[in-house]
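> Got a sequence here, can you model it:
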Amino acid sequence: MPKLDIRLRTVASLINPRGDESVVHGDIGSDHGGLLVSLLRSKRIAQGIAVENKSQPYENSCRALKGLAAQVRFGDGLAVIHPGELSSLSICGMGAESMVKILDAFPDRVPHHVVLQPNRQHELVRSWGLRNGFHLCDEQIAWGHWPYAVISLRRAKVATQDTSTPNDPAYADVDFDAALLFGPLILKRWEPQFAARLHE
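Numbers count the residues shown, from 1 in each chain. Coordinates of the predicted model:
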């Protein structure tokens with residue numbers, strides 16, 4: 001089993017937290033396929049779909065996932081995913097602008113549960129969630145080479161286009177602008193390492 005760094009271990013911990021037995025998980029930009037290999041071998045998911053748009057990462061993932069209940073597809077983002085095919089989705093290690101572009105390109109193919117690890121501009125991911133009717137179900141900071149925000153979003157029943165008055169209960173009782181920037185659940189936990197980082 002590949003050894004995941006703290007960033008991807010944190011992502012993995014937020015995928016299928018309910019322990020459903022039939023989860024089909026997609027990972028866009030899986031590079032070496034390590035996250036899906038770990039999820040499959042630990043039986044956290046039933047099937048995996050890796051998506052790559054460059055030949056070398058595609059070949060890397062094909063080798064890593066050979067013999068497992070997984071497919072590797074060559075294409076851009078959700079273009080190679082069918083509507084309703086995924087139970088959950090992860091996108092890790094890219095800028096939030098790129099993530100939002102991927103998600104907005106095929107909104108009918110975005111599953112009910114999404115785990116995102118943007119390298120910068122985390123607020124764009126949270127704003128996307130608010131605009132598209134996704135609620136924050138968890139947020140973690142993976143303390144690696146620098147702090148990595150890992151954001152878990154689940155589709156709610158009612159969407160709103162007005163991000164200035166969020167209907168996500170995660171944003172209750174916290175300053176909205178600060179919550180959008182740093183994460184409402186992260187602010188509410190106010191862990192010592194996070195507080196120390198803010199004061200640097």
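> going forward, measure contacts between C-alpha atoms and count neighbours the same way
Will do.
> and the closest residue to residue 77 other than its chain neighbours, how many neighbours does it have?
In space, and not counting its chain neighbours, residue 77 is closest to residue 102: 5.6 Å by CA to CA, 6 or more residues apart in numbering. Neighbour count for residue 102, taken as other CA atoms under 10 Å: 18.
> which SS class is residue 102?
helix (DSSP: H, G, I helix; E, B strand; the rest coil).
> Quick check: it touching residue 80?
No: the pair residue 102 and residue 80 does not pass the contact test of CA atoms under 8 Å, sitting 11.7 Å apart.
> what's the straight distance from one end of stretch 139-147 to the other?
12 Å (CA to CA, to the nearest Å).
> nope, stretch 35-50 is what I meant
In stretch 35-50, first residue to last residue: 10 Å (CA to CA).
> Same question for it: list its buried residues.
For stretch 35-50, burial by neighbour count (16 or more other CA atoms under 10 Å) applies to 35-40, 44-50.
> want to try a markdown table for those, with pLDDT and distance to residue 15 as columns?
Putting the buried residues of stretch 35-50 into a markdown table (pLDDT from 0 to 100; distance: CA to CA, whole Å) gives the following:
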| residue | pLDDT | distance to residue 15 |
| --- | --- | --- |
| 35 | 96 | 10 |
| 36 | 97 | 11 |
| 37 | 96 | 13 |
| 38 | 96 | 11 |
| 39 | 96 | 8 |
| 40 | 96 | 11 |
| 44 | 95 | 8 |
| 45 | 97 | 8 |
| 46 | 97 | 12 |
| 47 | 98 | 13 |
| 48 | 98 | 12 |
| 49 | 98 | 14 |
| 50 | 98 | 15 |
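> how about these, which pair is most distant?
44 and 50 (15.6 Å; CA to CA).
> quick one: low-confidence parts of the protein?
1-2, 158-166, 191-200 (pLDDT under 70).
> where exactly do the strands run in it?
Using DSSP state E, the strands assigned to the chain run over residues 24-28, 47-52, 70-74, 88-94, 113-118, 134-143, 147-155.
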